[in-house]
Each structure stands twice: as structure tokens, then as C-alpha cells.
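Enquirer: with the sequence up front, the predicted model follows.
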Amino acid sequence: MKISTVVQVHFFRERFDVLLCVLVPLFLMIESGYANAWTFAGGALGFDLNTLNALIRGILLETLIYAMFLLVRIFIGKGWKGYLIAFIPGMIGMVAMLVSAGCNLAWVNSSGELTKAIAAISLVLPAPVVEVFKIGLGLLFPVSVGALALLDITRLVHEMFKSLKFQQKAMAAETAEQHIHRIKEERKRATAQAGSEYKEYFEAEAKRMVENVKRGDMSFGLNAIYEDEPESKPVVSTVKPLQIAGPAAPAFGPPSSRRPSMPSAGAPLGPSPFAVPAAGQMMPSAPNDVISGVPTITIDASGSPVPRPNRGAPNFPPRR
């Protein structure tokens, strides 16, 4: 929903409320004037001259109340002399209000329009509350007419004028929304016009992919991604055979080359691999010593083993 729509609805509600407040005195005067007319006509309202006369008198009585209390409000704002002058219309308005209240009370108690309503209320409410209800119906309309005359309803109109600043903001918001809507329309139109160019571009791209496939390139452009991001490229490394220095270290090779040969019959056997070396003699290094990094043991003159520093693991070539 647009901001301007929300603001317009708010303005309509606010102005309608002010309109009702302005029309409330008129509605009250008509309603109370009808009750006065019913009393003036003796409860016999019809389509005759007597009924018309009673209606005119009843509405004029309410108009008198409103006019007198309006004069009181005007004179009060003139200073201390205004208070003295306001006393005269104030007394006239109070007398007219009492007359109108009496007519309304007679209408409440005697008219058949409210008899059933009062009887129904008396079934659920105590008698004192029902009496207050009757008095309230009799005094509500004439007292409200005088009170609204004393109160300045035009202040509501001034407040309505103050709220016009929101209408200026709403106009600015509506202008911005119109421009945004126009931009969206133009963007859609430009995109639609560029459709043929997009079609040519993607047709050429599809042909290029087909040519790459014919040449045997099945990467479909992924190699370009790996070139831009070398760390994400698959790593394939080759490991060379490990060469260990020393006469006692056999070279690594295929399993067949590492298979030990059996001595011939009658050949003298060499030293046992499990023989303990003499004092001061170093044990020969083995391939496991180089690969695993386990230090060799040196036997001193007393026969106690002396640990030798670790020669470290072989330096493998870096992975490429």
C-alpha cells in the first residue's frame, strides 16, 4: 500500500471526526427539540399545524440555549466587564435549559417510546439506578447543548489545519513513489529491448562450448576457474624413490628387489642381526631408522646404551 494512500485515509478520518464534532450541537438540538415538541403537543404528534408549531418551539428552545451560552463564552473573554454582561445571557440560558430538561423528563416518563426500555432496564438494575437513568435522559441533551456552546469547537478545526504538514510529506513521498515506479517501468522496457543482443551473445557462447568439446575439452570452462583460483586446483604429486646413504641401507624398489636372497649351501653365515655389538661400536642404520626417525643406540665402554640425536625424517620433495 502506498504511503499517500495511508495518509489520505488518516486525513479523511480526522476531518470526518471534526465534521461530526461540528454537527453534534445540531443533532442534539434536533433530538431535544423533538422531546420538547412532544411535551408542547401533549403527546399527540401528527401531521397537523399543532405538531408543526410544537416542533418549531422545541427547536427554537434548544437554539436559545445554544445562543445564550455562546454569548457567555464571548463576553467572558472581554475582561471583568464582560463577566458582568455575561451574567444576563447566562441566566436566560439556565432558565431555558431547565425548561428543556423538564420537557425531556416528561417525554421520558410519559412517552410510549421509552416505557418498554425503562421497564426492561428496571428488571436488571436497582430502582435508584433506573431513576438516575431517567434523569440522565432528561438532562443529557439540553445540558450538552449548553456545554458545547461554552466550549470552543473551532479549536478542532485549527488542529486540522496544523496536520496539513503531514499532507506535504505525503505529497513528497507520493512523488518519490511515482519516480521509483517510472524507473522500474523503464528498466523493464530496456531489458526487453536488449533481448535480441542477449540472444546473440548466448548463441555465440553455445557455439564456443561445442567447438571446445570437439577439440576434446570437456571442462566446459572450469579450467578458467582453476586458473583464477590456484588453491582450488586439484593437487597431483609424484613421489620419487627414497635413496638412503650407507652401505648397509638397501635401496627401495619393487617388492621383488627387496626380497632377501638365500645363502648357498656351505657358505659361511654372517653375523646374526640380533647380535649385540661390541663396546663403542654403532649399530648399523636400517631403513626404518631413516623413515620413522627412531634414533640409533651407541654402546659405551661400560656396556650402557648412549642415546644419539635423531637424524630426522628424510626431506621429501615438496608437493606440486
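Expert: Looks like it arrived, so ask away. Just so you know, these numbers come straight off a predicted model, no measurement behind them.

Enquirer: would you map out the domains in this structure?
Expert: 3-162, 198-231 (automatic domain parsing).

Enquirer: pick the most buried one from those.
Expert: Highest mean neighbour count among these (mean count of other CB atoms under 10 Å): domain 3-162, with a mean of 16. To be clear about C-beta, it is placed using only N, CA and C from the backbone, and glycine gets the same treatment.

Enquirer: what distance separates the opening and closing residues of that domain?
Expert: One end of domain 3-162 sits 19 Å from the other (CA to CA, to the nearest Å).

Enquirer: where do the strands sit along this protein?
Expert: Shown for the chain, the strands assigned by DSSP state E span residues 297-299, 305-307.

Enquirer: for the last one, what does the pLDDT average out to?
Expert: For strand 305-307, mean pLDDT rounds to 55.

Enquirer: show me the contacts for Ala173.
Expert: Ala173 is in contact with 3-4, 7, counting by CB atoms under 8 Å, 6 or more residues apart in numbering.

Enquirer: then Ala149?
Expert: Neighbouring residues of Ala149 by CB under 8 Å, 6+ apart: 25, 65-70, 72-73, 93.

Enquirer: okay, the residues you listed in JSON lines with pLDDT and distance to Phe161 next?
Expert: Formatted as JSON lines, the contacts of Ala149 follow (pLDDT from 0 to 100; distance: CB to CB, whole Å):
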{"residue": "Pro25", "pLDDT": "89", "distance to Phe161": "21"}
{"residue": "Ile65", "pLDDT": "92", "distance to Phe161": "29"}
{"residue": "Tyr66", "pLDDT": "92", "distance to Phe161": "25"}
{"residue": "Ala67", "pLDDT": "91", "distance to Phe161": "26"}
{"residue": "Met68", "pLDDT": "92", "distance to Phe161": "29"}
{"residue": "Phe69", "pLDDT": "92", "distance to Phe161": "26"}
{"residue": "Leu70", "pLDDT": "90", "distance to Phe161": "22"}
{"residue": "Val72", "pLDDT": "91", "distance to Phe161": "26"}
{"residue": "Arg73", "pLDDT": "89", "distance to Phe161": "21"}
{"residue": "Gly93", "pLDDT": "91", "distance to Phe161": "30"}
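
Enquirer: which of these lies closest to Ala106?
Expert: Nearest to Ala106 among those, counting by CB to CB, is Ile65 at 17.2 Å.

Enquirer: so that closest one sits right up against Ser100, yeah?
Expert: Yes: using CB atoms under 8 Å, Ile65 makes contact with Ser100 at a distance of 6.3 Å.

Enquirer: which residues do those two both contact?
Expert: 142, 145.

Enquirer: so which of the domains of the chain comes closest to Ala176?
Expert: So among the domains of the chain, domain 3-162 is nearest, using CB to CB, at 8.8 Å.
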